[in-house]
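S.K.: pasting the sequence and the predicted model now:
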Amino acid sequence: MTSPKRSPIKVTLHVTFEKDVKREVFVAHCLEFDLVTVAKTMRDVEKKMLLLLQVHLEHALEEQLNPFNPAPDRYWEKIHSAEYINSKKEVMIPLRTKKSKIPLSAKKPTPHITYTAQPLCFA
């Protein structure tokens, strides 16, 4: 008996990216979860945000917690009032947890979240 194929869960997340000129770093902020990370390059901050999202979602699934903890209103208002470059990027995040007994073999599909990030790059 084969296990049913799992469909990805699709979620649209708003992720802002800003350059902090004073500290010479890029800052990424996922508004739905109020998660923030920094790195020296845009590429590295994107990678760190993906890893942070993966760990956050896996932990929430494992502990049966609601992963959503929206950022304060001032951050949401910022994306509507400031000038920014609005682009979308679809990224798949594989999720593995101990409690859900997700198969780790290549033969069986692993559940994952596919999210459409809206990188809002402030000028």
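M.R.: Yes, it's here.

S.K.: can you give me the strands for the protein?
M.R.: Here the chain has its strands, by DSSP state E, at 9-20, 25-30, 35-39, 84-86, 89-94, 112-122.

S.K.: now do the longest helix along the chain: which elements does it pack against?
M.R.: Ranked by residue count, the top helix of the chain under DSSP state H comes out as helix 42-62. Helices and strands touching helix 42-62, by 3 or more CB pairs under 8 Å, 6 or more residues apart in numbering; DSSP states H and E, are strand 9-20, strand 25-30, strand 35-39, strand 89-94, strand 112-122. For the C-beta atoms, the positions are set from N, CA and C on the backbone; glycine is no exception.

S.K.: residue 56: how many residues sit nearby?
M.R.: A count of nearby residues for residue 56, using other CB atoms under 10 Å, gives 17.

S.K.: oops, could you answer that again for residue 20 instead?
M.R.: Counted with other CB under 10 Å, residue 20 comes out at 10.

S.K.: if I look at it, how far off is residue 45?
M.R.: Distance, residue 20 to residue 45, using CB to CB, to the nearest Å: 10 Å.

S.K.: next: residue 76.
M.R.: 20 Å.

S.K.: pick out whichever of the two has more residues nearby.
M.R.: Neighbour count, other CB under 10 Å: between residue 76 and residue 45, residue 45 has more, with 21 against 15.

S.K.: the more buried one touches residue 37, doesn't it?
M.R.: Yes: in this structure residue 45 lies within contact range of residue 37 using CB atoms under 8 Å: 6.3 Å.

S.K.: any shared contact partners between those two?
M.R.: 27, 28 (CB atoms under 8 Å, 6 or more residues apart in numbering).

S.K.: gap between residue 38 and residue 65?
M.R.: 25 Å.

S.K.: looking at these two, which is more packed in?
M.R.: Neighbour count, other CB under 10 Å: between residue 38 and residue 65, residue 38 has more, with 16 against 11.

S.K.: give me the beta-bridge partners of the more buried one?
M.R.: residue 27 (DSSP bridges).
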